[in-house]
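> What follows is a predicted structure for the sequence shown.
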Amino acid sequence: MPDDFRDLLADSGDMPPGTETKIFDPRDAATGSGGAEVTDACVVKRGNQWWMYLAGQPKGYGATDLYSACLAPDAPLSVRGWTLVREADGSLRPLAGRSRSGNWDGKGGRHCPSYVRGWDPGEERWVERIYYAGAAENVWGPYTIGFLEWDGEEWVDQAEPAFAAEEDWEHGSVYEPNLIYHEDRWKMWFVAGSNHEDYLVHGYAESRDGRTGWSQHEMFAPAEMKMFDFCVRQGEVGFEAVYSRVWMGTGAPPPETGLWWCRAEAPSKKLCAWGTPRQIQTAADRGWHSGGWKPSFQLDGPAGRRAFVFFDGLYRTEDPGPFPFAFTVGCLEVDLPESQGRVERSD
């Protein structure tokens, strides 16, 4: 294992107090699911409205697709008030069709969306995209990463994925993208490997246009760390990230399973530059989840330290079949540690 990673595999810091709220649960009529199973929330403000982009299987089977929920226009960010966008017949409305992308995401579906706005030098304009992982044949992968792009009226699918596995350590599959646009580059953190192999490596790459010319894929976190997402946001001073550490093995999850926070002066491709992490959620059984993953967080204002960390959850059901579980979406409201100005860089 590289020396840069060794200290990050240990528990680092105490967990600050926080409040959890369940938002969507297909088996809980008190939530806004209406029986639909949705997961993989990505939360972003577009114009005067907060949006949540999600993956889901409305009928409980088949290829996953991307959907949306929103708060009322001009409403502040909140854990309550989210409404899934539906068709007139009550079914969930997909974000986009598959007339172009069906050859690479048709049978395996779309999941883990990540919204980003950036400059497209080829088109010479600012564009809005929702990156996601897609699979051509099977919901379990292997995956490539592509995006939907906003054309001013609707989200449009693309004929080819934008990013695929290239390195041996990626085991032929890349997914769970998290992107930002910074200093004229589309910067992406992603998972490589597969859940069923219990092999998860985190990678990093960047591109000028977010579509082609990606830099060499670099390992960001090793398999031993079991990092599943790395969501980055720009703060008042520097950058902050919330990430998940998951457990795919048998028996009780280790204490480091759950959600973590860290910060850096710049959105570095080196994990060691992100300082000492602090755990903000454990894998304790809450009934509707036992440790979250796929965090998407937003700070309460540019100088705020209150964070809304949306995340995925899972719990066992009594249903027969190969997958007796239900997916949930929740939010952890937590006061993050105070910013302390410049962060020492180690890269």
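Nice, I can see it. Numbers count the residues shown, from 1 in each chain.

> What strand or helix carries the residue most central in space within the chain?
Of all residues in the chain, the one closest to the mean position by Cα atoms, centre = their mean is residue 294, 4.1 Å from it. Element membership of residue 294, judged by DSSP states H and E, is strand 293-299.

> After that strand, heading C-terminal, what element do we hit next?
Following strand 293-299 toward the C-terminus (DSSP H and E): strand 306-316.

> related to what we said a few turns ago, what pairs with the strand holding residue 294, parallel or antiparallel?
Sheet pairing for strand 293-299, assigned by DSSP bridges, gives strand 306-316 (antiparallel).

> List the buried residues in the partner strand.
By neighbour count with 16 or more other Cβ atoms under 10 Å, strand 306-316 contains the buried residues 307-313, 315. All C-beta spots, glycine's among them, are computed from the backbone N, C-alpha and C.

> and that strand, how far out from the chain's middle?
Offset of strand 306-316 from its chain centre (Cα atoms, centre = their mean, to the nearest Å): 11 Å.

> Restrict that strand to CA atoms and write it as PDB.
Output of strand 306-316 as PDB, limited to C-alpha atoms (Å, rounded to 0.1, in the frame of the first residue of the first chain):
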ATOM      1  CA  ARG A 306     -24.200  23.900   8.500                       C
ATOM      2  CA  ALA A 307     -24.100  21.200   5.900                       C
ATOM      3  CA  PHE A 308     -27.000  19.300   4.300                       C
ATOM      4  CA  VAL A 309     -25.500  15.900   3.400                       C
ATOM      5  CA  PHE A 310     -27.900  13.800   1.300                       C
ATOM      6  CA  PHE A 311     -27.100  10.100   1.200                       C
ATOM      7  CA  ASP A 312     -28.200   6.600   0.200                       C
ATOM      8  CA  GLY A 313     -29.500   4.100   2.700                       C
ATOM      9  CA  LEU A 314     -30.500   0.400   2.600                       C
ATOM     10  CA  TYR A 315     -32.400  -2.000   4.900                       C
ATOM     11  CA  ARG A 316     -33.500  -5.600   4.800                       C
END
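
> Low-confidence ranges, the stretch 51-200 of the chain, go.
58-61 (pLDDT under 70).

> Go ahead and confirm residue 156 touches residue 147.
No: Residue 156 is not in contact with residue 147 according to Cβ atoms under 8 Å; the separation is 9.6 Å.

> Which residue of the two possesses the greater neighbour count?
residue 147 (28 against 18; other Cβ atoms under 10 Å).
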